[in-house]
Each structure stands twice: as structure tokens, then as C-alpha cells.
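Colleague: Provide a 3D model corresponding to the input given below.
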Amino acid sequence: MDKSAQSGANPIVKTETGLSEEDERVRDYQNNPNIPADAKSIALLLRSSGITNYDPKIINQLLDFMHRMSSPYATLSLPIQCYNTV
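Modeller: Numbers count the residues shown, from 1 in each chain. Predicted structure coming up:
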């Protein structure tokens, strides 16, 4: 018995394109024109961190968190912008 069967890991299933099902799902998500670029970036960040199984609502929560954490800094930078115009 090999290690993947002992650990209970799912075997990688290749599709007709030669990609795994997970890679094909990610490719389809990244090529979808109806998904905003920020959401694609969050999904890519999750995937590169090794997180492949998550609820799609997580992307919206992370986008909301990102907006709430960065918007005060954008508001504070507006007066500084007035001095940097040439």
C-alpha cells in the first residue's frame, strides 16, 4: 500500500487537457470575465498559500476586510497628495 492511500489523500485525477481537476477549475476561474480582478487575486493568494478547499464566500469576506483596512489610509493620504502636485 502506498503512502497516499495510507494517509487518505485524494489521488490526482488528470483531465483530457492533462491538468488536474483542481488546476482546471482554477484556470476556468481565472479566465472568467465576470469575476473582478481583485477577487481573482485573492483566489490566487489562497491557492499559492496551499489553501485549495474553501467556501467561495471567503473571497468576499477577504475583499471586505481588505477594503476596511486600507480605506482609512487612503483617506489620510488625500491631504498629502495636494502637496505633491507639480
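Colleague: Any stretches of this structure with poor pLDDT?
Modeller: 1-17, 19, 84-86 (pLDDT under 70).
Colleague: what helices or strands is the helix ranked longest in the chain leaning on?
Modeller: Longest helix in the chain by number of residues (criterion: DSSP state H): helix 57-83. Judged by 3 or more Cβ pairs under 8 Å, 6 or more residues apart in numbering; DSSP states H and E, helix 57-83 is in contact with helix 37-48. No exception for glycine: its C-beta is placed from N, CA and C like everyone else's.
Colleague: Buried residues in the helix it packs on, which are they?
Modeller: 39-40, 42-43, 46-47 (16 or more other Cβ atoms under 10 Å).
Colleague: quick one, it and helix 57-83 angle?
Modeller: With axes from the mean of the first three to the mean of the last three Cα atoms, to 10 degrees defining the directions, helix 37-48 sits at 120 degrees from helix 57-83.
Colleague: How far does helix 37-48 sit from its chain's centre?
Modeller: 2 Å (Cα atoms, centre = their mean, to the nearest Å).
Colleague: cool, and stretch 55-71?
Modeller: For stretch 55-71, the distance to the chain centre is 11 Å (Cα atoms, centre = their mean).
Colleague: just the CA coordinates of it, formatted as PDB?
Modeller: Provided in PDB are the C-alpha atoms of stretch 55-71 (Å, rounded to 0.1, in the frame of the first residue of the first chain):
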ATOM      1  CA  ASP A  55     -16.100  28.300   0.800                       C
ATOM      2  CA  PRO A  56     -16.500  30.900  -2.100                       C
ATOM      3  CA  LYS A  57     -17.900  33.400   0.400                       C
ATOM      4  CA  ILE A  58     -14.400  33.600   1.900                       C
ATOM      5  CA  ILE A  59     -13.200  35.700  -1.100                       C
ATOM      6  CA  ASN A  60     -15.900  38.300  -0.400                       C
ATOM      7  CA  GLN A  61     -15.100  38.400   3.300                       C
ATOM      8  CA  LEU A  62     -11.400  38.900   2.500                       C
ATOM      9  CA  LEU A  63     -12.200  41.600  -0.100                       C
ATOM     10  CA  ASP A  64     -14.400  43.400   2.500                       C
ATOM     11  CA  PHE A  65     -11.600  43.100   5.100                       C
ATOM     12  CA  MET A  66      -9.000  44.400   2.700                       C
ATOM     13  CA  HIS A  67     -11.300  47.400   1.900                       C
ATOM     14  CA  ARG A  68     -12.000  48.200   5.600                       C
ATOM     15  CA  MET A  69      -8.300  48.000   6.500                       C
ATOM     16  CA  SER A  70      -6.900  50.100   3.600                       C
ATOM     17  CA  SER A  71      -9.600  52.800   3.200                       C
END
